[in-house]
Structure formats: C-alpha cells, structure tokens
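Enquirer: sequence and predicted structure, then a few things I'm wondering about:
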Amino acid sequence: MSQKESALDIAKRIHSGESTSVLETTRVLEEIEATDRSISAYVNVYADLALEQAKKIDKRIKEGNIDSALSGVPIALKDNMCWKNTKTTCSSKFLENFVSPYTGTAVQRVLDAGMVPVGKCNLDEFAMGSSTENSAFFNTKNPWDLDRVPGGSSGGSAATVAANQVTVSLGSDTGGSIRQPASFCGVVGMKPTYGRI
C-alpha cells in the first residue's frame, strides 16, 4: 500500500478538469477488484450505479455546478445504511435479500454532495461486535496484516480506506464502532455528535 491522496486532492483534480469522476470511480472499482479478494471489505459493490452517478456528476461539473468540495469523489458505505434500491444487509443472513425502499439521511447527504457511493462494507452483524468477525457472511481482514482483525463494527469501512480502495468511507459508532477500527487500521475515524449528520 502506498501513500494516498486525500479526498480533497482528488476533488480538486476532478473540479479542475485534470481528471473526471468517471476516471476516479473506475480507478477505485479496479482497486477493489484487485485487492478485495484478500481483504473482504465489501458485502456488495455497485459498479454500474457508481459509474452512472459519476457520469451525472461529471456533467454537472462541466456545466459549472459543483455540489460540494467533495463532488465527484468515490465513497464507501457501511452496510447498515439504507440506499434506495440497493441491498442493506447489516451483514445478517436475516436481511441478505432486503432491498431498501428509501435512502437514509447520511447517505442522502453523500448523494446531495455529489459523492459517488461504490458499495456497501462488511460489519459485525447488526453493528454488534468489535472485530468484524461476527458478520454472517465472512470475516474482513486488516489490510496491514491479513492475520489480524480490522476492528469493528465498522471494520469493512476502515479496511477499505486503509487498503487504498477509497479515500473516505461512512461508518456508524455507538460505542466505538468507527473509532476502534480506525485505530486498528491506522486511518482517521471521527464520531460526530448526535444529530450532526
């Protein structure tokens, strides 16, 4: 793993015309394809939806409409966050075929900011755990050492950032579920105050 750019660096390149959201999203999808077999950070990857969103964002940027400082930047979502017409499994067999009928607030704000969700990340089932070994589907590995855990419950979200698959990912945190995996994976994790998002 090499030193990666910040999300703002990628956004500036997209907004200046040096790159496009489609190119950056394609790079992310290729990186996931190349590395996620060993890490298992994703429950579902939505390549077609991501590229469709990236094309829309590129069109808006070309027309002079930049939705936010992070418009065009790919992002991953923890798989306990609803995104309309995609599966939201909470890493549980009970919900493995549940397709969300709506988009949750945090995800809607990502979309409104012009960011590009690429997929949903593994977690401890129903966000109850601290290692991402309690997923009903598979264990997520720590990208720095595949014999170690990435922490939890947002272990997939932290691992995908640490593995340089994406520069930013959403998690959720009640008792440390963002902060602990961020620590285990050597990335920055922030739990906002309640109501902030």
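Expert: Received, thanks. Quick caveat: nothing in here was measured; it's all calculated off a predicted structure.
Enquirer: what bits of this protein have low per-residue confidence?
Expert: For the chain, the stretches with pLDDT under 70 are 1-3.
Enquirer: biggest helix in it, by residue count?
Expert: Selection of the longest helix in the chain by residue count, based on DSSP state H, yields helix 21-39.
Enquirer: summarise which helices and strands the very next helix or strand once past that helix is packed against.
Expert: Next in sequence after helix 21-39, counting helices and strands by DSSP states H and E, comes strand 42-45. Contacts defined by 3 or more CB pairs under 8 Å, 6 or more residues apart in numbering; DSSP states H and E place strand 42-45 against helix 21-39, strand 116-121, helix 155-162. C-beta here means a position set from N, CA and C on the backbone, and glycine is covered the same way.
Enquirer: and of those, who's closest to residue 191?
Expert: Relative to residue 191, the nearest member of those by CB to CB is helix 155-162, separated by 12.4 Å.
Enquirer: angle of the closest one against helix 21-39?
Expert: Interaxial angle, helix 155-162 versus helix 21-39 (axes from the mean of the first three to the mean of the last three CA atoms, to 10 degrees): 120 degrees.
Enquirer: which residues touch residue 134?
Expert: 91, 124-125, 128, 152-153 (CB atoms under 8 Å, 6 or more residues apart in numbering).
Enquirer: how does it look with 6 Å?
Expert: Going by CB atoms under 6 Å, 6 or more residues apart in numbering, residue 134 touches 124-125.
Enquirer: repeat that for residue 114.
Expert: Taking CB under 6 Å, 6+ apart as the test, what residue 114 contacts is 57, 67-68, 71.
Enquirer: same deal with residue 20?
Expert: residue 58.
Enquirer: ok, it to residue 185 distance?
Expert: 29 Å (CB to CB, to the nearest Å).
Enquirer: and the residue nearest the centre of this structure?
Expert: residue 76 (1.2 Å; CA atoms, centre = their mean).
Enquirer: that residue belongs to a strand, doesn't it?
Expert: Yes - assigned with DSSP: H, G, I helix; E, B strand; the rest coil, residue 76 falls within a strand.
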